[in-house]
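Q: Sharing a model prediction with you, sequence too.
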Amino acid sequence: MNFQDMLDNITPDIYQNLKRAVELGKWPTGDKLSAEQRQTCMQAVIAYELKHLPENERSAYIPPKPHQHCGSAGEVAEPEVQEQPLNWKH
């Protein structure tokens, strides 16, 4: 079984166990994850979330900030445009 086959067979329970292992740095048995195991588990978690979860439910999701502008409440800021005279040369 290759890595892609393994990813295709991750169940929600396996996903939760992998995610918990990455968070705690150890398996459910208490054995410590090696750096390579932790990296592989994180890759599996990310792949699972990409396939099965909406963006806002994925690990490390940061929601976009609402647009803020200068001015009083309800006022829409207009882009600042500096008028420049046209210079027609013949």
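A: Great, that's in hand. Numbers count the residues shown, from 1 in each chain.

Q: Where does pLDDT dip in this structure?
A: For the chain, the stretches with pLDDT under 70 are 69-81, 86, 88-90.

Q: remind me, longest helix of it?
A: Counting residues, the longest helix found in the chain (DSSP state H) is helix 35-52.

Q: ok, R58 to Q84 distance?
A: Going from R58 to Q84 by CB to CB, to the nearest Å gives 47 Å. Quick note: C-beta positions are derived from backbone N, CA and C, even for glycine.

Q: the more surrounded of those two?
A: R58 (14 against 6; other CB atoms under 10 Å).

Q: nearest residue to that one other than its sequence neighbours?
A: E49 (4.3 Å; CB to CB, 6 or more residues apart in numbering).

Q: and the one you found, how many residues sit next to it?
A: Neighbour tally, E49, other CB under 10 Å: 18.

Q: do you know how far it is from I62?
A: To I62, E49 is 14 Å away according to CB to CB.

Q: can you tell me which residues contact the closest residue to A47 other than its chain neighbours?
A: In space, A47 comes closest to L7 once its chain neighbours are excluded; the distance is 4.9 Å by CB to CB, 6+ apart. For L7, the contacting residues are A44, A47, Y48, K51, by CB atoms under 8 Å, 6 or more residues apart in numbering.

Q: and which of the residues you listed is nearest to T11?
A: Set against T11, the nearest of the contacts of L7 by CB to CB is Y48 (9.4 Å).

Q: For that closest one, give me its contacts.
A: L7, I10, Y15, L18.

Q: let's go with 10 Å and repeat that
A: Neighbour list for Y48: L7, D8, I10, T11, P12, I14, Y15, Q16, L18, K19, R58, S59 [criterion: CB atoms under 10 Å, 6 or more residues apart in numbering].
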